[in-house]
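**Student:** sharing a model that was predicted from the sequence below.
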Amino acid sequence: MKLTTLALMTAFTTLSAQAGMEVIYGKDNRQDIYEVTSSLHKTLAQSTAGMVDVRHFKKSAREGFLDMDFTSTLEEAMNVCPSERFSQQQIAPNCSGFLVGPDTLVTAGHCFKGSQTPESVCKGNAWVFGYEMKSSSHNPTRDIPVANIYTCKEVVAAELNSTMDYAIIKLDRQVVGRKPLTFRNAGKVPNSTSLVVIGHPTGLPTKVSPAGKVTHNTNNTTFSGTLDTFAGNSGSAVFDAQTGMVEGILIQGKTDYIPSKSGNPNTCMIVNSCDENGNSCRAGTQYGSIQHGEVVFRITTIASKIHAALKK
């Protein structure tokens with residue numbers, strides 16, 4: 001899917017077309033792991049992972065480690081302006097996911113049901129924990145512990161339609177040193193809840209994005225919020241920022257990037273941004289399911305399916 005820059009761009013374009021895109025609301029709150037001060041959010045991040053094409057991995061010079069065989073930065077792969085945040089970081093994951101059991105992971109359905117079958121996606125991708133920046137100069141594509149890389153053993157369930165967008169998968173072995181996350185089983189996220197989302201925006205190393213708020217909470221299977229997320233965040237866990245409980249799965253959002261010179265698609269791209277309520281966006285007003293902000297699939301909708309999978 002992503003062996004070349006062109007293929008990488010195609011992969012993200014495909015995901016964006018399936019799931020919508022995402023945007024910055026007010027201040028860009030994305031943080032690298034080494035910048036995160038909340039001990040809770042750091043702990044939650046350890047149980048999140050990125051989906052990476054297995055063909056990317058190669059032997060490292062160090063025993064017990066692997067490297068990735070590409071060096072595309074966000075600027076190189078997506079034509080993002082060098083002045084934009086994180087433009088010089090290496091991108092890799094094409095979706096995000098999170099641990100709900102010792103060997104069970106949840107992500108967005110459109111990550112598994114698109115142009116390929118769920119089985120082929122399962123076979124062709126690995127899940128990498130700890131793909132993160134350990135310092136401002138760290139290269140996360142080098143010396144990745146083999147212990148952090150898991151393959152997909154089985155797609156337990158995957159649905160993608162007008163109301164459902166989730167996948168539950170079994171990994172090849174139990175995940176070591178990372179705790180399954182707690183998720184809501186019933187009820188709705190309160191309107192006053194402060195939200196945090198953790199994943200891989202545009203394939204970047206893990207980003208923690210706090211300070212989100214609920215903006216629309218009446219649909220049965222989804223709610224909306226002001227979350228700083230991008231294509232690649234699809235499948236990210238959206239948490240109650242205070243308790244750490246998973247409230248849902250990030251599945252859709254507003255437009256990601258726009259040309260730095262309006263009307264000229266050949267110029268480098270800048271991040272689309274809106275105000276803290278999801279209005280006054282650089283990309284203009286957008287309607288439909290994303291008019292209120294980023295769309296989150298309620299984890300309660302599939303809570304019984306997750307519990308059934310955990311018994312397998």
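**Tutor:** Perfect, I can see it now.
**Student:** so how far is stretch 96-103 from its chain's centroid?
**Tutor:** Relative to the centre of its chain, stretch 96-103 is centred 13 Å away, using Cα atoms, centre = their mean, to the nearest Å.
**Student:** likewise stretch 37-52?
**Tutor:** That offset, for stretch 37-52, works out to 11 Å (Cα atoms, centre = their mean).
**Student:** buried residues of it, list them for me.
**Tutor:** Residues Ser38, His41, Leu44, Ala45, Gln46, Ser47, Thr48, Ala49, Gly50, Met51, Val52 are the ones in stretch 37-52 that count as buried (16 or more other Cβ atoms under 10 Å). Placement of C-beta: from N, CA and C, glycine included.
**Student:** ok, the first one to Ile168 distance?
**Tutor:** In this structure, Ser38 and Ile168 are separated by 28 Å, where distance is defined by Cβ to Cβ, to the nearest Å.
**Student:** ok so, going back, inside strands: which ones of the buried residues of stretch 37-52?
**Tutor:** Of the buried residues of stretch 37-52, the ones assigned to strands by DSSP state E are Thr48, Ala49, Gly50, Met51, Val52.
**Student:** contacting residues around Ala303?
**Tutor:** Residues in contact with Ala303 (Cβ atoms under 8 Å, 6 or more residues apart in numbering) are Phe183, Arg184, Asn185, Ala186.
**Student:** if you set the cut-off to 6 Å instead, what comes out?
**Tutor:** Contacts for Ala303 (Cβ atoms under 6 Å, 6 or more residues apart in numbering) come out as Asn185.
**Student:** what's it sitting at in phi/psi?
**Tutor:** Note on Ala303: backbone dihedrals following degrees, to the nearest 10 are phi -60, psi -40.
**Student:** one more: Ile290?
**Tutor:** Backbone torsions of Ile290, given as degrees, to the nearest 10, read phi -100, psi 0.
**Student:** how far away is it from Asn29?
**Tutor:** Taking Cβ to Cβ, one finds Ile290 at 19 Å from Asn29.
**Student:** now swap in Met269 and tell me
**Tutor:** 20 Å.
**Student:** check Pro210 too.
**Tutor:** If you go by Cβ to Cβ, the gap between Pro210 and Asn29 works out to 6 Å.
**Student:** Ala108 now?
**Tutor:** Ala108 is 21 Å from Asn29, by Cβ to Cβ.
**Student:** quick one, which of those two is more surrounded?
**Tutor:** Comparing Ala108 with Asn29 by other Cβ atoms under 10 Å, the one with more neighbours is Ala108, at 27 against 18.
**Student:** how about Glu75, what does it touch?
**Tutor:** Taking Cβ under 6 Å, 6+ apart, we find Glu75 in contact with Pro82, Ser87.
**Student:** and it, that one's in a helix?
**Tutor:** Yes. With DSSP: H, G, I helix; E, B strand; the rest coil as the criterion, Glu75 is assigned to a helix.
**Student:** domains of the chain?
**Tutor:** Residue ranges for the domains of the chain, per automatic domain parsing: 5-19+43-181+301-310, 194-300.
**Student:** nearest to Tyr25, out of those?
**Tutor:** Nearest to Tyr25 among these is domain 194-300 (3.8 Å), distances taken as Cβ to Cβ.
**Student:** figure out how far that closest one is from the centre of its chain.
**Tutor:** Offset of domain 194-300 from its chain centre (Cα atoms, centre = their mean): 10 Å.
**Student:** from Ile306, how far off is Gly225?
**Tutor:** Counting by Cβ to Cβ - Gly225 and Ile306 are separated by 21 Å.
**Student:** who has more neighbours, those two?
**Tutor:** With neighbours defined as other Cβ under 10 Å, Gly225 and Ile306 compare such that Gly225 has more, 28 against 19.
**Student:** so how many other residues sit close to the nearest residue to Ile33 once chain neighbours are set aside?
**Tutor:** Among residues not flanking Ile33 along the chain, Glu132 sits closest, at 4.3 Å (Cβ to Cβ, 6 or more residues apart in numbering). Burial measure for Glu132: 22 neighbouring residues, criterion other Cβ under 10 Å.
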